[in-house]
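K.L.:
Would you be able to build a 3D model of this:
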Amino acid sequence: MFDRLPTPTGRWPAVAVMLACVCAGASAPASSQPAGETTVLRGAHILDGRGEVLADRDLVVRDGRIAEIVPRGTARGDRVYDLTAVTVLPGYIDTHVHIGNHFDDDGKVHRQAVDPSVAHVTLHGAENAFRTLMNGITTMQSLGSPRDAELRAWIDRGEIPGPRLLSSLGAVNENTGTPDEIRAYVRGRAAAGADVIKVFASTSIRFGGVTNMTAAQLEAACGEATAQGLRSVVHLHRSDALRMVADAGCTQVEHGWMLEPGDVQVFVDSAMYLGNQIDLLFRNYAERGDRYAGVGGYTMEGFATLQAARPGALEFFQAAARTPGVRIVYSTDANAGSHGSNTDELVAYVEDGGQDPMDAVVSATSLAAESLGMEDEIGAIATGFEADIIALDGDPLSDPAALGRVVFVMRGGRVHRNDPPRASGG
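P.N.:
Down below sits the predicted model:
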C-alpha cells in the first residue's frame, strides 16, 4: 500500500534515471494515477496553498484529481496514505529553471560541441527532472532552450516522471532584430508550442546587467506575446529597464538585483510578478564556478561581479516582502549543479529574505500557478484540482527549514516519493 521510491542521493547517471523512469511507467503513465483507482491521503495539518490551514481532512484522489475533501477517517480507497504526522500542501511550482543544463562527463558545463544531439540533452534533462520532482516541484517553467520540447513531450505523454514542464523554447534579446523581426520571432515561438516568451532586457549581471533593449523592442516582444495569448518573462537588473518593461505590459520580471528599494512600487502599480533569487543561484556559482569558467561567456571575473550583486538582490527582496501588493513568485533559476536543490531557495525566502512563511508557501503554490495562468488547475488543495500534492517533515509555519524537508510527492495522483518523517524513525 505504501510504495517506497528512492530519493536521489549523490549523482544519478542519466541513463540509470531513464531506466528507472521506464520501469516506473510500465504499469501506468509515470505522472498519472492508475485508471479507476481511488487514493486517500489522510491528513491532520494541511496548507491549502491559498493561505488557509485545513485540519483533519481526507483528500480523495480519482483520475489524477482531487475528487473530494472530507472529514478525516471517513474516506475509503484502494490505497490509503497516512500523512497525519506531516504537513500536506500543494506541490511546489518553480517559475524559472533551465532543466536541460548539466555538466558533461569531463566535469564542465555542457557545450553543444561535446554532443550536439537532442538525445544527450534530453537524457540529462530527464535526470534533472527526476531530481526536481523528488524535491517537491510538481510544475516547472524552463526559460530559454528550444531543446526543452522533447523532454516536455516525454513528460506530457507520461513516459518519464517529472514535474509538469512549461517552456519558452528560446529567448528574445537585443540581437533578435527590429520590432517587426521580434514580433515575427514571437509568432514563430508560439507556432512551435512555446508556453511563454522569455526576454533579455539586459545583459547578464556578470557583464554589468546593462539594459540593452529599446522600449520599442520590449513593446514588440511583450505586446506580441500578449497578442498570441502568451505570457512574457523578462530578465533585467536596472531601474530604466524595469520602467520600460512595465510600460510594455510584460508579465513577470526576473532578477532585478540592481533595482532600488523604491522600485518596489512599480510592481504594485503594474501588477507584474517578481521572481528574485537570493540564495541557491549565488551558492551554486560560488561552489561550482570553476566548472563553468571558460565555457561561453562564463569567467571567474564575471562570477565575482555576480557575487557582488548578492547584497542588492537580498535588499530588494526584503523590501518587496515588506510591501503589500508585490506579487513575489517562487523562482530559483536552477541550473547545472542545482537541480533537485530547488527548495533551498524557498527556505531562504523566509530565513534570509524575511518573507512570512505562509506567504512563501503561497508564492510557491497558488500565486505561482496564477503567474502561469493555471490558477484553476494547480497550486491549491481544492476539489477538482490536479492531485499535485506533497508533504513536509515538520510545520513550515513554525519551522521554515521544513519547507525543504519533502517526504512525500504525488504528481497527477501518482505517488513518486513516500518517506517516513524523521520523528517516526526515518
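K.L.:
Is Val329 in contact with Tyr273, as I believe?
P.N.:
Yes - at 4.9 Å, Val329 counts as touching Tyr273 under the criterion of Cβ atoms under 8 Å. C-betas here are computed from N, CA, C, even on glycine.
K.L.:
now for the helix of greatest length in the chain, which elements pack on it?
P.N.:
Taking DSSP state H as the criterion, the chain has its longest helix at helix 118-134. Packed against helix 118-134 by the contact rule (3 or more Cβ pairs under 8 Å, 6 or more residues apart in numbering; DSSP states H and E) you find helix 14-24, helix 148-156, strand 406-411, strand 414-418.
K.L.:
lowest-confidence stretch among these?
P.N.:
Here the helices and strands packed on helix 118-134 differ in mean pLDDT, and the lowest is helix 14-24 at a mean of 45.
K.L.:
Which residue ranges of the stretch 101-250 of the chain form helices?
P.N.:
Counting by DSSP state H, counting those that start in this stretch, the stretch 101-250 of the chain has helices at residues 118-134, 148-156, 179-192, 215-227, 239-247.
K.L.:
Which element, helix or strand, includes the most centrally placed residue in the chain?
P.N.:
The residue lying closest to the centre of the chain (Cα atoms, centre = their mean) is Asp94, at 1.4 Å. Using DSSP states H and E, Asp94 sits in strand 92-97.
K.L.:
Listing request: residues of the stretch 1-150 of the chain with sub-threshold pLDDT.
P.N.:
Where the stretch 1-150 of the chain drops to pLDDT under 70, the residues are 1-31, 113-114.
K.L.:
hmm, try it at 90
P.N.:
Counting by pLDDT under 90, the low-confidence segments of the stretch 1-150 of the chain come to 1-36, 104-106, 109-123, 144.
K.L.:
What about the closest residue to Pro261 other than its chain neighbours, how many residues nearby?
P.N.:
Nearest non-adjacent residue to Pro261, counting by Cβ to Cβ, 6 or more residues apart in numbering: Ala319, 4.2 Å away. Neighbour count of Ala319, defined by other Cβ atoms under 10 Å: 17.
K.L.:
Tell me the helices and strands packed up against the host helix or strand of Ala319.
P.N.:
If you go by DSSP H and E, Ala319 is part of helix 310-322. When contacts are defined as 3+ Cβ pairs under 8 Å, 6+ apart, helix 310-322 packs onto helix 264-270, strand 327-328.
K.L.:
let's see it at 7 Å
P.N.:
When contacts are defined as 3 or more Cβ pairs under 7 Å, 6 or more residues apart in numbering; DSSP states H and E, helix 310-322 packs onto helix 264-270.
K.L.:
List the buried residues in the helix it packs on.
P.N.:
264, 266-267, 270 (16 or more other Cβ atoms under 10 Å).
K.L.:
Please tell me I have it right and Leu280 contacts Gly340.
P.N.:
No - Leu280 sits out of contact with Gly340 when judged by Cβ atoms under 7 Å, with a separation of 10.8 Å.
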